[in-house]
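A.B. asks: Predicted model, plus sequence, below.
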Amino acid sequence: MKVAGLGFKRDVTLASLREALLAAGGPEGLAAVATVSDKADSDALKQLARECGIPIKAITAEMLAGIDTPTQSKLIAEKFGTGSVAEAAALAAAGPRARLIATRVVSQDRTATAAIAEGDGA
């Protein structure tokens, strides 16, 4: 199963989320989008999931902490204990032996990030 992990600022727009997802590889073949649970009810994220016809997987901050990611943001590491919310959420949602097939990409306005992982499912 393929899952797109998304990290974003609270004021993110649907256009920014869509741009990041397309830059990471697009919605084709995705089983879900995933993000940190306290942002899973974002209107822009709900719109993107609806547009793609896939569910949202909410990943707790505790589950993200400690997931090793190839890209590193100092701010995210301090806040969440992982280098990238997008990469960690994708890996967590795709299952225990998941691997990233697209590392974190950032929207032009820097409000959204996306990464895609593939795995056996959780």
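C.D. replies: Arrived safely, thanks for sending.
A.B. asks: low-scoring pLDDT stretches of the protein, where are they?
C.D. replies: 122 (pLDDT under 70).
A.B. asks: can you tell me which residues contact Ala58?
C.D. replies: Ala58 is in contact with Ala34, Thr35, Val36, Ser37, Ala40, counting by C-beta atoms under 8 Å, 6 or more residues apart in numbering. In this view, the C-beta of every residue, glycine as well, is placed from N, C-alpha and C.
A.B. asks: Now do the same contact list for Ser73.
C.D. replies: Gly83, Ser84.
A.B. asks: Please renumber the chain so that the first residue is 36 from this point on.
C.D. replies: Done: numbering now begins at 36, and the last item shifts to Ser108.
A.B. asks: element containing Lys81, please.
C.D. replies: Assigned by DSSP states H and E, Lys81 belongs to helix 78-87.
A.B. asks: Send me that helix as CSV with only the CA atoms.
C.D. replies: Provided in CSV are the C-alpha atoms of helix 78-87 (Å, rounded to 0.1, in the frame of the first residue of the first chain):
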residue,chain,number,x,y,z
ASP,A,78,-10.4,21.6,6.2
ALA,A,79,-7.7,21.8,3.4
LEU,A,80,-6.6,18.2,4.2
LYS,A,81,-10.2,16.9,4.2
GLN,A,82,-10.7,18.6,0.8
LEU,A,83,-7.6,17.0,-0.6
ALA,A,84,-8.5,13.6,0.7
ARG,A,85,-12.0,13.9,-0.8
GLU,A,86,-10.6,15.1,-4.1
CYS,A,87,-8.3,12.1,-4.2
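A.B. asks: Out of the contacts of Ala93, give me the two with the largest separation.
C.D. replies: The widest separation within the contacts of Ala93, taken as C-beta to C-beta, falls between Ala69 and Ser72 and amounts to 9.7 Å.
A.B. asks: Show me which of these two is the more surrounded one.
C.D. replies: More crowded of Ala69 and Ser72, by other C-beta atoms under 10 Å: Ala69, with 29 against 17.
A.B. asks: Please determine how far the more buried one is located from Ile111.
C.D. replies: 15 Å (C-beta to C-beta, to the nearest Å).
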